[in-house]
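[1] what's the 3D shape of this:
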Amino acid sequence: MLYHLATLVLSPVFLLQGMWVRRVTPLLPEPEGARQGVWGTGPDLRLLILGDSAAAGVGVESQAEALSGKLVAALGTFYRVHWQLLATTGHDSAEVLARLQAEPAATFDVVVISVGVNDVTGRTSTARWQQNLQAIADLLVDRFQARKILFSSLPPMHFFPALPQPLRWWLGLRANTLRRQLRRMAIQHPYCQFVDVAFPFDLQYMAADGFHPGPAAYAMWSEHLAAVIRNG
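    As a prediction, the model looks like this:
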């Protein structure tokens with residue numbers, strides 16, 4: 001209710017601030033590096049990392065420093081990890097679903113998903129957000145034989161330093177709504193789990209653009225996910 005009221009009353013302010021953010025925020029590239037491979041020793045683990053710019057590793061210089069590299073390194077001590085990264089900057093839940101629908105059938109034991117920030121900024125409706133999440137999860141089970149699907153929580157956008165107030169507050173409200181819906185869907189789906197990481201609200205965890213994770217955040221995120229995966 002508060003979000004929709006603020007949208008109605010302050011939309012000209014949000015529009016101007018959004019234009020300003022797009023103009024002054026540096027556009028960081030997706031990092032260089034492999035997007036699939038095999039690493040580690042132990043039982044085979046087939047891993048898919050799926051999603052948006054955070055999944056793609058924007059904010060660091062190489063995939064070795066990003067979510068994929070850090071997570072595979074953390075798991076490689078315990079498993080022989082057959083991994084693949086399918087992630088693109090700017091993708092919202094509908095685009096992640098479309099990307100997945102275009103992929104040939106395969107088999108993954110674990111799927112890690114980062115999605116939602118672009119649904120916040122793109123104003124995806126709550127109903128469409130829920131439908132897309134359910135469709136992604138169902139497709140992963142049906143076509144990709146996923147046994148565990150880990151949905152990472154949306155980040156705390158109300159703390160993003162790249163966003164001025166009141167735009168930061170407004171987007172944070174929406175992010176919290178989508179986060180609650182994501183948690184609810186994950187609880188209800190038998191193959192899904194909601195994963196929330198308590199990132200410190202400290203600039204050292206942010207990339208230079210004030211919007212994406214930095215190296216310390218990717219390391220913490222990966223360690224948390226690796227622990228969840230290992231604990232079954």
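
[2] Give me the residue at the spatial middle of this protein.
    In the chain, the centroid-proximal residue (C-alpha atoms, centre = their mean) is Ser114; its distance is 1.8 Å.

[3] now it, which residues is it bridged with?
    Beta-bridge pairing for Ser114 (DSSP bridges): Gly51.

[4] my guess is it meets Leu67, correct?
    Yes: shown here, Ser114 and Leu67 form a contact pair, counting by C-beta atoms under 8 Å, at 7.3 Å. Every C-beta, even on glycine, is put in place using the N, C-alpha and C of the backbone.

[5] pLDDT weak spots in the protein?
    Applying pLDDT under 70 to the chain flags no residue at all.

[6] what about the strands in it?
    Using DSSP state E, the strands of the chain run over 36-39, 44-51, 80-87, 110-114, 148-152, 192-195.

[7] measure Leu133 to Leu97 for me?
    Distance, Leu133 to Leu97, by C-beta to C-beta, to the nearest Å: 9 Å.

[8] More neighbours: these two, which one.
    Set Leu133 next to Leu97 and count neighbours by other C-beta atoms under 10 Å: Leu133 wins out with 26 against 20.

[9] how much space between the more buried one and Gln101?
    Look at Leu133 and Gln101: by C-beta to C-beta, they are 14 Å apart.

[10] quick revisit: which neighbours do Ser114 and Leu67 have in common?
    Ile49, Ala54, Ala55 (C-beta atoms under 8 Å, 6 or more residues apart in numbering).

[11] Out of those, which is nearest to Pro166?
    Distance to Pro166 across the shared contacts of Ser114 and Leu67 (C-beta to C-beta) is lowest for Ala54, with 24.1 Å.
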